[in-house]
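1. A predicted structure for the sequence below; I have some questions about it.
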Protein chains: 2
Amino acid sequence: MSANSRFAVSVHMLAYLAHRQGAAVPSTEIAASVGTNAVVIRRLLSALVKARLVSTQKGATGGFTLAVFPAGISLLAIYRAVEPAPEHGMRRFAPNHQCPVGAKIEAILHGVFVKTQAAMEQELLQVTLAQIHQQLHAVCPRKK
Amino acid sequence: MSANSRFAVSVHMLAYLAHRQGAAVPSTEIAASVGTNAVVIRRLLSALVKARLVSTQKGATGGFTLAVFPAGISLLAIYRAVEPAPEHGMRRFAPNHQCPVGAKIEAILHGVFVKTQAAMEQELLQVTLAQIHQQLHAVCPRKK
DNA sequence: TGATTTGTAACACCTGTGGTTACATAATAT
DNA sequence: ATATTATGTAACCACAGGTGTTACAAATCA
(Lines give C-alpha, C1' and ligand atoms only; values in the text may rest on other atoms or scores of the structure.)
Protein backbone atom coordinates (compact mmCIF):
# COMPACT_ATOMS: atom_id res chain seq x y z
CA MET A 1 0.00 0.00 0.00
CA SER A 2 1.07 3.59 -0.34
CA ALA A 3 2.46 5.93 2.23
CA ASN A 4 -0.53 8.26 2.12
CA SER A 5 -3.71 7.99 4.15
CA ARG A 6 -6.19 8.38 1.31
CA PHE A 7 -7.49 4.85 1.50
CA ALA A 8 -7.85 4.83 5.28
CA VAL A 9 -9.62 8.18 5.29
CA SER A 10 -11.88 7.12 2.41
CA VAL A 11 -13.03 3.96 4.17
CA HIS A 12 -13.67 6.04 7.26
CA MET A 13 -15.72 8.54 5.26
CA LEU A 14 -17.83 5.92 3.55
CA ALA A 15 -18.35 4.07 6.82
CA TYR A 16 -19.55 7.35 8.26
CA LEU A 17 -22.00 7.86 5.40
CA ALA A 18 -23.30 4.34 5.91
CA HIS A 19 -23.61 5.09 9.60
CA ARG A 20 -25.74 8.17 8.82
CA GLN A 21 -28.13 6.01 6.85
CA GLY A 22 -28.80 7.97 3.69
CA ALA A 23 -28.80 11.46 5.16
CA ALA A 24 -27.06 14.21 3.18
CA VAL A 25 -23.91 14.75 5.22
CA PRO A 26 -21.86 17.96 4.80
CA SER A 27 -18.09 17.74 4.52
CA THR A 28 -17.64 19.60 7.79
CA GLU A 29 -19.42 16.85 9.70
CA ILE A 30 -17.31 14.14 8.10
CA ALA A 31 -14.19 16.20 8.75
CA ALA A 32 -15.06 16.31 12.44
CA SER A 33 -15.24 12.52 12.57
CA VAL A 34 -12.03 12.00 10.60
CA GLY A 35 -10.23 14.78 12.43
CA THR A 36 -9.02 16.82 9.48
CA ASN A 37 -9.95 19.77 7.31
CA ALA A 38 -13.19 19.81 5.30
CA VAL A 39 -11.30 20.56 2.09
CA VAL A 40 -9.30 17.37 2.48
CA ILE A 41 -12.60 15.52 2.80
CA ARG A 42 -14.10 17.18 -0.27
CA ARG A 43 -10.97 16.41 -2.29
CA LEU A 44 -11.24 12.72 -1.56
CA LEU A 45 -15.02 12.62 -1.95
CA SER A 46 -14.56 14.22 -5.34
CA ALA A 47 -12.69 11.10 -6.44
CA LEU A 48 -15.36 8.84 -4.93
CA VAL A 49 -18.08 10.78 -6.76
CA LYS A 50 -16.22 10.28 -10.03
CA ALA A 51 -16.11 6.57 -9.24
CA ARG A 52 -19.91 6.63 -8.77
CA LEU A 53 -19.68 5.43 -5.19
CA VAL A 54 -21.00 8.68 -3.71
CA SER A 55 -23.66 11.22 -4.68
CA THR A 56 -23.33 14.90 -3.97
CA GLN A 57 -25.60 17.91 -3.83
CA LYS A 58 -24.71 21.56 -3.49
CA GLY A 59 -26.44 24.25 -1.50
CA ALA A 60 -28.12 24.45 1.85
CA THR A 61 -29.37 21.02 2.99
CA GLY A 62 -26.85 19.57 0.52
CA GLY A 63 -24.03 17.17 1.28
CA PHE A 64 -22.85 13.67 0.44
CA THR A 65 -24.66 10.33 0.40
CA LEU A 66 -23.74 6.81 -0.66
CA ALA A 67 -24.68 6.17 -4.29
CA VAL A 68 -24.57 2.39 -3.78
CA PHE A 69 -25.77 0.11 -0.99
CA PRO A 70 -22.89 -0.72 1.41
CA ALA A 71 -23.05 -4.37 0.38
CA GLY A 72 -22.22 -3.33 -3.19
CA ILE A 73 -19.05 -1.42 -2.29
CA SER A 74 -15.88 -3.47 -1.89
CA LEU A 75 -12.76 -2.03 -0.30
CA LEU A 76 -11.07 -2.70 -3.63
CA ALA A 77 -13.47 -0.31 -5.36
CA ILE A 78 -12.61 2.34 -2.77
CA TYR A 79 -8.90 1.63 -3.14
CA ARG A 80 -9.02 1.98 -6.91
CA ALA A 81 -11.07 5.15 -6.69
CA VAL A 82 -8.68 7.09 -4.50
CA GLU A 83 -5.24 5.52 -4.94
CA PRO A 84 -3.05 6.36 -7.91
CA ALA A 85 -1.49 3.47 -9.80
CA PRO A 86 1.03 1.71 -7.55
CA GLU A 87 4.63 2.37 -8.50
CA HIS A 88 6.35 0.03 -6.04
CA GLY A 89 9.30 2.39 -5.96
CA MET A 90 10.04 1.76 -9.62
CA ARG A 91 9.70 5.46 -10.43
CA ARG A 92 13.30 6.29 -9.69
CA PHE A 93 14.62 2.83 -10.44
CA ALA A 94 16.61 3.10 -13.67
CA PRO A 95 19.23 0.35 -13.85
CA ASN A 96 22.08 0.30 -16.32
CA HIS A 97 20.93 -1.57 -19.41
CA GLN A 98 24.53 -2.13 -20.49
CA CYS A 99 24.83 -4.58 -17.62
CA PRO A 100 23.29 -8.01 -18.18
CA VAL A 101 21.65 -7.85 -14.77
CA GLY A 102 20.44 -4.29 -15.12
CA ALA A 103 19.01 -5.04 -18.52
CA LYS A 104 16.57 -7.68 -17.33
CA ILE A 105 15.90 -7.00 -13.66
CA GLU A 106 13.21 -4.43 -14.30
CA ALA A 107 10.94 -6.83 -16.15
CA ILE A 108 11.53 -9.55 -13.57
CA LEU A 109 10.68 -7.23 -10.68
CA HIS A 110 7.62 -6.03 -12.51
CA GLY A 111 6.37 -9.59 -12.64
CA VAL A 112 6.84 -9.94 -8.90
CA PHE A 113 4.97 -6.71 -8.22
CA VAL A 114 2.04 -7.78 -10.38
CA LYS A 115 1.67 -10.88 -8.23
CA THR A 116 1.94 -9.11 -4.88
CA GLN A 117 -0.47 -6.42 -5.99
CA ALA A 118 -2.99 -9.01 -7.18
CA ALA A 119 -2.75 -10.87 -3.87
CA MET A 120 -3.38 -7.70 -1.93
CA GLU A 121 -6.28 -6.60 -4.11
CA GLN A 122 -7.86 -10.02 -3.80
CA GLU A 123 -8.06 -9.47 -0.05
CA LEU A 124 -9.59 -6.02 -0.50
CA LEU A 125 -12.15 -7.45 -2.90
CA GLN A 126 -13.45 -9.79 -0.24
CA VAL A 127 -14.36 -7.04 2.22
CA THR A 128 -17.44 -4.87 1.68
CA LEU A 129 -18.48 -1.62 3.28
CA ALA A 130 -21.44 -3.50 4.71
CA GLN A 131 -19.02 -5.71 6.64
CA ILE A 132 -17.19 -2.67 7.95
CA HIS A 133 -20.53 -1.17 8.98
CA GLN A 134 -21.43 -4.40 10.73
CA GLN A 135 -18.16 -4.43 12.66
CA LEU A 136 -18.78 -0.85 13.71
CA HIS A 137 -22.09 -1.72 15.31
CA ALA A 138 -21.10 -5.07 16.71
CA VAL A 139 -21.50 -5.34 20.45
CA CYS A 140 -18.58 -6.57 22.53
CA PRO A 141 -17.94 -10.26 21.78
CA ARG A 142 -19.75 -12.42 24.32
CA LYS A 143 -17.69 -15.03 26.07
CA LYS A 144 -19.97 -18.02 26.86
CA MET B 1 4.44 -1.67 -1.00
CA SER B 2 6.17 1.56 -0.10
CA ALA B 3 6.99 4.54 -2.22
CA ASN B 4 10.74 4.04 -1.96
CA SER B 5 12.95 1.92 -4.17
CA ARG B 6 14.81 0.10 -1.41
CA PHE B 7 13.32 -3.27 -2.13
CA ALA B 8 13.77 -3.05 -5.89
CA VAL B 9 17.37 -1.91 -5.55
CA SER B 10 18.11 -4.58 -2.97
CA VAL B 11 16.84 -7.40 -5.16
CA HIS B 12 18.91 -5.96 -8.00
CA MET B 13 22.02 -5.87 -5.80
CA LEU B 14 21.62 -9.42 -4.56
CA ALA B 15 20.89 -10.66 -8.06
CA TYR B 16 24.11 -8.98 -9.12
CA LEU B 17 26.06 -10.68 -6.33
CA ALA B 18 24.58 -14.02 -7.38
CA HIS B 19 25.56 -13.22 -10.95
CA ARG B 20 29.16 -12.63 -9.90
CA GLN B 21 29.28 -16.08 -8.34
CA GLY B 22 30.95 -15.56 -5.01
CA ALA B 23 33.45 -12.90 -6.02
CA ALA B 24 33.97 -10.01 -3.59
CA VAL B 25 32.21 -7.16 -5.37
CA PRO B 26 32.95 -3.53 -4.44
CA SER B 27 30.06 -1.10 -3.99
CA THR B 28 31.20 0.95 -6.96
CA GLU B 29 30.69 -1.99 -9.32
CA ILE B 30 27.19 -2.65 -7.96
CA ALA B 31 26.40 1.06 -8.17
CA ALA B 32 27.31 1.00 -11.86
CA SER B 33 24.82 -1.78 -12.49
CA VAL B 34 22.04 -0.19 -10.45
CA GLY B 35 22.76 3.28 -11.81
CA THR B 36 23.18 5.16 -8.57
CA ASN B 37 25.77 6.34 -6.07
CA ALA B 38 28.00 3.86 -4.24
CA VAL B 39 27.00 5.31 -0.87
CA VAL B 40 23.36 4.48 -1.57
CA ILE B 41 24.47 0.93 -2.29
CA ARG B 42 26.51 0.67 0.90
CA ARG B 43 23.63 2.05 2.95
CA LEU B 44 21.31 -0.69 1.74
CA LEU B 45 23.94 -3.40 1.92
CA SER B 46 24.54 -2.39 5.51
CA ALA B 47 20.96 -3.45 6.28
CA LEU B 48 21.41 -6.70 4.36
CA VAL B 49 24.60 -7.46 6.27
CA LYS B 50 22.75 -6.94 9.56
CA ALA B 51 20.13 -9.41 8.29
CA ARG B 52 22.93 -11.92 7.64
CA LEU B 53 22.14 -12.17 3.95
CA VAL B 54 25.42 -10.58 2.83
CA SER B 55 29.03 -10.75 3.98
CA THR B 56 31.39 -7.83 3.78
CA GLN B 57 35.11 -7.30 3.87
CA LYS B 58 37.04 -4.07 4.05
CA GLY B 59 40.26 -3.14 2.34
CA ALA B 60 41.78 -3.78 -1.06
CA THR B 61 40.32 -6.89 -2.72
CA GLY B 62 37.41 -6.44 -0.29
CA GLY B 63 33.74 -6.03 -1.16
CA PHE B 64 30.42 -7.79 -0.72
CA THR B 65 29.41 -11.41 -1.20
CA LEU B 66 26.27 -13.42 -0.56
CA ALA B 67 26.30 -15.01 2.90
CA VAL B 68 23.64 -17.54 1.91
CA PHE B 69 23.06 -19.61 -1.22
CA PRO B 70 20.56 -17.91 -3.55
CA ALA B 71 18.08 -20.75 -3.02
CA GLY B 72 18.02 -19.88 0.69
CA ILE B 73 17.11 -16.22 0.21
CA SER B 74 13.44 -15.42 -0.29
CA LEU B 75 12.28 -12.04 -1.51
CA LEU B 76 10.40 -11.78 1.77
CA ALA B 77 13.69 -11.97 3.68
CA ILE B 78 15.03 -9.16 1.51
CA TYR B 79 11.85 -7.15 1.96
CA ARG B 80 11.97 -7.46 5.73
CA ALA B 81 15.67 -6.59 5.84
CA VAL B 82 15.40 -3.27 4.03
CA GLU B 83 11.82 -2.05 4.43
CA PRO B 84 10.67 -0.31 7.59
CA ALA B 85 7.44 -1.55 9.18
CA PRO B 86 4.53 -0.81 6.85
CA GLU B 87 2.33 2.04 8.07
CA HIS B 88 -0.40 1.88 5.42
CA GLY B 89 -0.90 5.61 5.79
CA MET B 90 -2.03 5.19 9.39
CA ARG B 91 0.73 7.48 10.65
CA ARG B 92 -1.24 10.69 10.28
CA PHE B 93 -4.62 9.02 10.61
CA ALA B 94 -6.03 10.16 13.94
CA PRO B 95 -9.83 9.99 13.88
CA ASN B 96 -12.03 11.61 16.49
CA HIS B 97 -12.64 9.08 19.24
CA GLN B 98 -15.69 11.03 20.45
CA CYS B 99 -17.46 9.86 17.28
CA PRO B 100 -18.74 6.28 17.33
CA VAL B 101 -17.29 5.70 13.87
CA GLY B 102 -13.97 7.36 14.61
CA ALA B 103 -13.65 5.39 17.82
CA LYS B 104 -13.66 1.97 16.16
CA ILE B 105 -12.52 2.49 12.57
CA GLU B 106 -8.82 2.37 13.41
CA ALA B 107 -8.95 -1.14 14.81
CA ILE B 108 -11.13 -2.33 11.91
CA LEU B 109 -8.76 -0.90 9.31
CA HIS B 110 -5.83 -2.40 11.12
CA GLY B 111 -7.41 -5.82 10.72
CA VAL B 112 -7.79 -5.24 7.00
CA PHE B 113 -4.17 -4.16 6.64
CA VAL B 114 -2.91 -7.21 8.49
CA LYS B 115 -4.67 -9.40 5.95
CA THR B 116 -3.47 -7.52 2.87
CA GLN B 117 0.06 -7.42 4.19
CA ALA B 118 0.03 -11.14 4.89
CA ALA B 119 -1.25 -11.89 1.39
CA MET B 120 1.50 -9.80 -0.15
CA GLU B 121 4.23 -11.30 2.00
CA GLN B 122 3.03 -14.80 1.17
CA GLU B 123 3.76 -14.05 -2.49
CA LEU B 124 7.21 -12.71 -1.67
CA LEU B 125 7.95 -15.80 0.40
CA GLN B 126 7.42 -18.03 -2.61
CA VAL B 127 10.09 -16.38 -4.74
CA THR B 128 13.78 -17.04 -4.09
CA LEU B 129 16.87 -15.25 -5.29
CA ALA B 130 17.77 -18.45 -7.12
CA GLN B 131 14.61 -18.11 -9.19
CA ILE B 132 15.46 -14.50 -10.00
CA HIS B 133 18.94 -15.61 -10.99
CA GLN B 134 17.46 -18.30 -13.19
CA GLN B 135 15.19 -15.82 -14.94
CA LEU B 136 18.17 -13.56 -15.52
CA HIS B 137 20.04 -16.27 -17.38
CA ALA B 138 17.10 -17.80 -19.18
CA VAL B 139 17.40 -17.78 -22.95
CA CYS B 140 14.54 -16.40 -24.97
CA PRO B 141 11.51 -18.67 -24.57
CA ARG B 142 11.35 -21.24 -27.35
CA LYS B 143 8.04 -21.52 -29.10
CA LYS B 144 6.86 -25.06 -29.76
C1' DT C 1 -31.87 37.84 -1.04
C1' DG C 2 -29.12 35.61 2.24
C1' DA C 3 -27.37 31.46 4.14
C1' DT C 4 -25.27 27.20 3.25
C1' DT C 5 -22.54 24.03 0.83
C1' DT C 6 -19.74 22.04 -2.89
C1' DG C 7 -15.63 22.51 -6.16
C1' DT C 8 -11.13 23.83 -6.79
C1' DA C 9 -7.13 26.69 -7.15
C1' DA C 10 -3.21 28.28 -4.71
C1' DC C 11 0.03 28.19 -1.25
C1' DA C 12 2.99 26.82 2.81
C1' DC C 13 4.85 23.24 5.55
C1' DC C 14 6.60 18.85 6.72
C1' DT C 15 8.58 14.46 5.80
C1' DG C 16 10.86 10.79 3.34
C1' DT C 17 14.00 9.60 -0.19
C1' DG C 18 18.00 9.78 -2.89
C1' DG C 19 22.34 11.89 -4.32
C1' DT C 20 26.68 13.87 -2.87
C1' DT C 21 30.86 15.06 -0.28
C1' DA C 22 33.82 14.08 3.31
C1' DC C 23 36.43 11.42 6.24
C1' DA C 24 37.67 7.82 9.66
C1' DT C 25 38.76 2.88 9.69
C1' DA C 26 40.39 -1.40 8.00
C1' DA C 27 42.83 -4.60 5.02
C1' DT C 28 45.82 -5.73 1.25
C1' DA C 29 49.86 -5.43 -1.99
C1' DT C 30 54.39 -4.17 -2.86
C1' DA D 1 56.17 0.66 6.32
C1' DT D 2 53.41 2.90 3.08
C1' DA D 3 50.35 3.58 -0.59
C1' DT D 4 46.15 1.84 -2.28
C1' DT D 5 41.66 0.27 -2.08
C1' DA D 6 37.26 -0.41 0.31
C1' DT D 7 33.81 -0.16 3.77
C1' DG D 8 30.99 2.61 7.36
C1' DT D 9 28.67 6.69 8.37
C1' DA D 10 27.71 11.34 9.27
C1' DA D 11 26.16 15.55 7.25
C1' DC D 12 23.99 18.14 3.98
C1' DC D 13 21.15 19.49 -0.14
C1' DA D 14 17.45 19.03 -3.47
C1' DC D 15 13.28 17.19 -4.87
C1' DA D 16 8.67 15.26 -4.63
C1' DG D 17 4.41 13.96 -2.42
C1' DG D 18 0.99 14.61 1.07
C1' DT D 19 -1.57 17.38 4.12
C1' DG D 20 -3.57 21.46 6.02
C1' DT D 21 -5.23 26.07 5.12
C1' DT D 22 -7.25 30.20 2.97
C1' DA D 23 -9.88 32.04 -0.55
C1' DC D 24 -13.46 32.37 -3.61
C1' DA D 25 -16.70 31.10 -7.44
C1' DA D 26 -20.89 28.45 -8.31
C1' DA D 27 -24.98 26.22 -6.97
C1' DT D 28 -29.02 25.42 -4.11
C1' DC D 29 -32.61 26.21 -0.86
C1' DA D 30 -35.48 28.75 2.79
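-> Thanks, I have the structure now.

2. Report whether stretch A:68-82 contacts chain B.
-> Yes. Looking at stretch A:68-82 against chain B by CB under 8 Å from any CB of the partner chain, the contacts come from A:Leu75. For every residue, glycine as well, the C-beta is placed using N, CA and C.

3. what about that stretch, how long is it end to end?
-> 17 Å (CA to CA, to the nearest Å).

4. And for stretch A:93-107?
-> With CA to CA, one end of stretch A:93-107 sits 12 Å from the other.

5. now that stretch: how far from the chain's centre is it?
-> Between the mean C-alpha point of stretch A:93-107 and the mean C-alpha point of its chain there is a distance of 33 Å (CA atoms, centre = their mean, to the nearest Å).

6. could you give the mean pLDDT of it?
-> Per-residue pLDDT values over stretch A:93-107 give a mean of 96.

7. Pull the contacting residues for A:His19.
-> By CB atoms under 8 Å, 6 or more residues apart in numbering or on different chains, A:His19 lies in contact with A:133, A:136, B:100-101.

8. if you set the cut-off to 7 Å instead, what comes out?
-> Taking CB atoms under 7 Å, 6 or more residues apart in numbering or on different chains, we find A:His19 in contact with A:133, A:136, B:101.

9. show me which of those residues neighbour DNA strand C.
-> By CB under 7 Å from any atom of the strand, no member of these lies near DNA strand C.

10. Tell me the one of those nearest DNA strand D?
-> Lowest distance from DNA strand D to those (CB to the nearest atom of the strand) belongs to B:Val101, with 16.8 Å.

11. Work out for me the element the closest one sits within.
-> For B:Val101, the enclosing helix or strand under DSSP states H and E is helix B:100-125.

12. what's the spacing between that helix and its chain's center?
-> On the basis of CA atoms, centre = their mean, helix B:100-125 sits 21 Å off its chain's mean C-alpha point.

13. re earlier: now render the contacts of A:His19 as TSV, adding distance to B:Phe113.
-> Compiled in TSV, the contacts of A:His19 are given as follows (distance: CB to CB, whole Å):
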residue	distance to B:Phe113
A:His133	18
A:Leu136	17
B:Val101	18
